[in-house]
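J.: Have a look; sequence and predicted model below, questions after that.
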Amino acid sequence: MAAQQDKVVLGIDIGGTGIKGAPVNVATGELLAERVRLDTPQPATPEAVGRVVKQLVDEFAWTGPVGCTFPAIVHNGVTLSAANVDKSWINAPAQDILSQATGLPLKLVNDADAAGLAEAIFGAAKGKGGKVLVITLGTGIGSALIVDGKLISNTEFGHVIYPKDGIAEKYCSAKVKDDLDMKYKDYAVRLNGYLEHLQLLLSPDLVIIGGGISKKHDKFIPELKGLRFPVVPADLKNDAGIVGAALEAAATFGI
Ligand code: BGC
C-alpha cells in the first residue's frame, strides 16, 4: 500500500472557467478519486487562482507533490503569455506563487503539453515513435509535440500565422466555430487548411485532436483530406490535463 501511495500525485487543471483536480496514480494514469471542480475566480489573477488551488488541495487533504496546468507559455515556472487569461499572468512567477499558496512542491506546465504527455504515455500515442503532434481545440488552440516519446514543450502552434494576417486560434479554435455558428463540415475545411500548414512545417507522423470538441470527432475528422498522416481523437478526454500535470510533477520530484 505504501508503495502504491508513493506513486500518487495530485493533478490539477486550471482553465478559464473551472479548476479541476484529482489524485492520479502516475504508474497507471488512473484517477484515484472522483475529480473535484471549483469555479475559476474572476478576475483570475495568480493570487486569486492560488487561493482556489489551495481549496482544491484541502478538499483532498493533500500533503504530497502537485502537478498543475495553465493555458499559457510556462517556462521555468514563469508564465510568459496570456492569450485567453488575465494579463497579470504575463511574467508572473506563477509556479512559486501556486507552490507558496498551497505550501506544497508544485510543478506548473502548459495545459496542452500536459494533455499531450498524457496521450503519449497512456492514450492515443502510447507506444508510438516518430513525431506525434497533439492539437487541443478549445477557447484557444494548444499544441504538444512529442518526438519518440519525449515532449518538446511550449510549441504554441495555435499562434502560427494562419491563414494570412492572423493567428490560427482566431481562425479555427472550437470557440471560433461556436462564435460563427459554423457547421462541422465548414469547420472541417478550416481545420484541414490549418493541418496542411502544420504538415508543411513539421511533417508529423500522427496528429491527435483533443479538447472538448474531440468528443464529436466523427463529425469532422472523417471530412479531413489530403493529409499525409493519420488524424485520431484524443483518448483521455477531460482527464488528460490532470493526468499529464501529475506525470510532469512525478518526473520533476522523482516519484
Ligand atoms: C495559449 C496556449 C494554450 C492554448 C490552449 C493558447 O492561447 O497560448 O499556451 O496551450 O491556448 O489553452
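T.: Good, I have the coordinates.

J.: next one: stretch 206-225 to chain centre, how far?
T.: Relative to the chain's own centre, stretch 206-225 is displaced by 16 Å; criterion: Cα atoms, centre = their mean, to the nearest Å.

J.: Now do that stretch: distance from first to last residue.
T.: End-to-end distance for stretch 206-225, by Cα to Cα, to the nearest Å: 14 Å.

J.: Show me what it is in contact with.
T.: Contacts of stretch 206-225 with the rest of the structure, by Cβ atoms under 8 Å, 6 or more residues apart in numbering, involve 112, 115-116, 119, 123-125, 128, 130-138, 142, 174, 177, 184-185, 187-189, 191-192, 195, 198, 227, 229-234, 236-238, 240. For glycine as for every other residue, the C-beta is placed from the backbone atoms N, C-alpha and C.

J.: Show me the subset of these that also lies near the ligand.
T.: The overlap between these and the neighbours of the ligand (Cβ under 6 Å from any ligand atom) comes to 112, 136, 138, 142.

J.: what two of these are the furthest from one another?
T.: Within these, two members stand farthest from each other by Cβ to Cβ: 112 and 138, at 9.2 Å.

J.: out of the two, which sits in the busier spot?
T.: The residue with the greater number of neighbours, taking residue 112 and residue 138 and applying other Cβ atoms under 10 Å, is residue 112; the counts read 31 against 22.

J.: Give me the below-cutoff pLDDT ranges for the stretch 151-255 of the chain.
T.: Counting by pLDDT under 70, the stretch 151-255 of the chain has no low-confidence residues at all.

J.: Quick one, grab the pLDDT at residue 6.
T.: Note on residue 6: pLDDT of 76.

J.: At the contact with the ligand, which residues of the stretch 51-200 of the chain appear?
T.: Remark: the part of the stretch 51-200 of the chain in contact with the ligand comprises 71-73, 81, 83-84, 110-112, 136, 138, 140, 142, 156, 158, 169, using Cβ under 6 Å from any ligand atom.

J.: out of these, which are inside helices?
T.: 111, 112, 169 (DSSP state H).

J.: between the ones next to the ligand among the contacts of stretch 206-225, which is nearest the ligand?
T.: Within those, the smallest distance to the ligand is 3.0 Å, found for residue 142 (Cβ to the nearest ligand atom).

J.: which residue sits closest to that closest one, ignoring its sequence neighbours?
T.: For residue 142, the nearest residue in space outside its immediate sequence neighbours is residue 112; the separation is 2.7 Å by Cβ to Cβ, 6 or more residues apart in numbering.

J.: OK, contacts around that neighbour?
T.: Neighbour list for residue 112: 134, 135, 136, 142, 143, 144, 158, 210 [criterion: Cβ under 8 Å, 6+ apart].

J.: Neighbour-wise, give me the winner out of those.
T.: When neighbours are taken as other Cβ under 10 Å, the top entry among the contacts of residue 112 is residue 134 (33 neighbours).

J.: Helix, strand or coil: sort out it for me.
T.: strand (DSSP: H, G, I helix; E, B strand; the rest coil).

J.: Please list all residues in contact with it.
T.: Listed by Cβ under 8 Å, 6+ apart, the contact partners of residue 134 are 112, 115-116, 119-120, 125, 143-146, 207-208, 210, 234.

J.: what about the closest residue to residue 230 other than its chain neighbours, how many residues close to it?
T.: The shortest distance from residue 230 to any residue that is not its chain neighbour, by Cβ to Cβ, 6+ apart, is 5.7 Å, and that residue is residue 206. When neighbours are defined as other Cβ under 10 Å, residue 206 has 18 of them.

J.: List the beta-bridge partners for residue 206.
T.: Residue 206 forms beta bridges with residue 132, as assigned by DSSP bridges.

J.: Please report how far it lies from the ligand.
T.: Relative to the ligand, residue 206 is positioned 19 Å away (criterion: Cβ to the nearest ligand atom, to the nearest Å).

J.: just residue 75 next, same as before
T.: Shown here: residue 75 relative to the ligand, a distance of 11 Å by Cβ to the nearest ligand atom.

J.: I appreciate the help and will end here.
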